[in-house]
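Engineer: this one's sequence-less:
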């Protein structure tokens, strides 16, 4: 398998409009600040429609959005998907906000096209749209009369590669590794699993089996996998909430099985510190939220916005988890915003 560059991977995924993750519910949330002391940002109103608040990954994205909104003195309204995979409910949230005079939208779709109708209306009104984390199907959106101003997100394939390389380093050549994916056909999950297999080339793979991004389903899948494959040395999960379920199954088995996930949510960092989980390919969710708001501000002010911004990922293990925890929700390594200098203050 030929390794792709990070930039090529994220741009290809964005053009295809196919990355996905899992979600759950929350009421709307509005952040208003009295710190609008810069005339360039005063009065700007940004709306965000994202996935579930219950998943710590998306909660951290929202925290990054709120912190950026407060820093720059803009009004921010956040709507969460009603349930994990409620595509219609999430679309309804967007449709409700579409005609309310917002200056920019930040979106994380549940599927690549479930928000396209509403986003078409937003684009028709001349309002910029910043897409973060899970790309919109840009061809489908174009057919609906819309377009994306900028995309910010992780190259999920390369995140998988990093996880695979670390797992191979830990278990050694020829070991048997289980693979637990998210939703069947989910391209984010597929990219992470495929990348992991490249990074761990030379190992033997069991699966992948799907667990729908859910902890309980991953627990059951891991129990079955361990029972059927007594020599299994490690299990890779396409996200951290599933890794938590796998870690429980491993603990119950009493075996020394390495567990690796993707996302870098706070609970998994605690599990890494305690030794329950081996590692996580930590994304930069707080940074994604921050960059989404900053890109919106630049676009709403009429500035030129970078079309693709890759948010990096870093493998967190026992070696660096203390720094990851102490820095949380900010990322475990430095990242410079390409938008901050463009904001008119």
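Structural biologist: All right, it came through fine. None of these values were measured; they are calculated from a predicted model. Residues are numbered from 1 along each chain as shown.

Engineer: for the residue sitting nearest the centre point of the chain, give its distance to residue 335.
Structural biologist: For the chain, the residue whose C-alpha lies nearest the mean C-alpha position (Cα atoms, centre = their mean) is residue 133; its distance is 4.6 Å. Relative to residue 335, residue 133 is positioned 15 Å away (Cβ to Cβ, to the nearest Å). Heads up, the C-betas are built off the backbone N, CA and C, glycines and all.

Engineer: my read is that residue 132 contacts residue 294, right?
Structural biologist: No - counting by Cβ atoms under 8 Å, residue 294 is not a contact partner of residue 132; they are 11.1 Å apart.

Engineer: for the stretch 201-345 of the chain, just list every one of the strands.
Structural biologist: Secondary structure of the stretch 201-345 of the chain (DSSP state E, counting those that start in this stretch): strands at 204-210, 234-237, 258-263, 279-282, 308-310, 314-316.

Engineer: lowest-confidence stretch among the ones you listed?
Structural biologist: For these, the bottom mean pLDDT is recorded on strand 308-310, which sits at a mean of 90.

Engineer: so what strands line up beside that one?
Structural biologist: strand 150-153 (parallel) (DSSP bridges).

Engineer: the following helix or strand past the strand it pairs with - contacts with which helices or strands?
Structural biologist: Along the chain past strand 150-153, the next helix or strand (assigned with DSSP states H and E) turns out to be helix 156-171. Applying 3 or more Cβ pairs under 8 Å, 6 or more residues apart in numbering; DSSP states H and E, one finds that helix 156-171 makes contact with helix 6-16, helix 187-199, strand 234-237, strand 258-263, strand 279-282, strand 314-316.

Engineer: deepest-packed of those, please.
Structural biologist: With neighbours taken as mean count of other Cβ atoms under 10 Å, these reach their highest mean count in strand 234-237, at a mean of 32.

Engineer: hmm, who's touching it?
Structural biologist: Around strand 234-237, the neighbours that count as contacts under Cβ atoms under 8 Å, 6 or more residues apart in numbering are 163-164, 167, 170-171, 175, 177-180, 193, 196, 200, 211, 218, 222, 225, 243, 245-246, 250, 257-262, 278.

Engineer: ok, 7 Å please
Structural biologist: Applying Cβ atoms under 7 Å, 6 or more residues apart in numbering, the external contacts of strand 234-237 come out as 163, 167, 171, 175, 177-180, 196, 218, 222, 225, 243, 246, 257-261.

Engineer: these two touch, right, residue 288 and residue 311?
Structural biologist: Yes - taking contact to mean Cβ atoms under 7 Å, the distance of 5.2 Å between residue 288 and residue 311 places them in contact.

Engineer: now for these two: what residues contact both?
Structural biologist: When contacts are counted by Cβ under 7 Å, 6+ apart, residue 288 and residue 311 are jointly contacted by 152-153.

Engineer: ok, the nearest residue to residue 311 once chain neighbours are set aside to residue 97 distance?
Structural biologist: Excluding its sequence neighbours, the residue lying closest to residue 311 (Cβ to Cβ, 6 or more residues apart in numbering) is residue 284, at 4.6 Å. Relative to residue 97, residue 284 is positioned 26 Å away (Cβ to Cβ).

Engineer: what of residue 127?
Structural biologist: The spacing between residue 127 and residue 97, counted by Cβ to Cβ, is 10 Å.

Engineer: residue 231: what's it in contact with?
Structural biologist: The contact partners of residue 231, by Cβ under 7 Å, 6+ apart, come to residue 176.

Engineer: ranges for the helices of the protein?
Structural biologist: Taking DSSP state H to define them, one finds helices in the chain at 6-16, 56-72, 87-98, 116-124, 138-143, 156-171, 187-199, 215-228, 240-253, 266-274, 285-300, 321-327.

Engineer: would you mind finding the most buried of these?
Structural biologist: The highest average neighbour count among the helices of the chain, using mean count of other Cβ under 10 Å, belongs to helix 285-300 at a mean of 28.

Engineer: neighbours around residue 80, how many?
Structural biologist: Other residues within reach of residue 80, judged by other Cβ atoms under 10 Å, total 27.

Engineer: do the same with residue 336
Structural biologist: By the criterion of other Cβ under 10 Å, residue 336 has 7 neighbours.

Engineer: correct me if wrong: residue 343 contacts residue 74.
Structural biologist: No - when contacts are counted by Cβ under 7 Å, residue 343 is not listed as touching residue 74 (9.9 Å).

Engineer: so for these two, which sits in the more crowded spot?
Structural biologist: More neighbours surround residue 74 than the other of residue 343 and residue 74, with 28 against 20 (other Cβ under 10 Å).

Engineer: now the more buried one. Its backbone dihedrals?
Structural biologist: Dihedral angles phi and psi of residue 74 (degrees, to the nearest 10) take the values phi -120, psi 160.

Engineer: next up, the contacts around it.
Structural biologist: By Cβ under 7 Å, 6+ apart, the contact list for residue 74 reads 41, 44, 46, 297.
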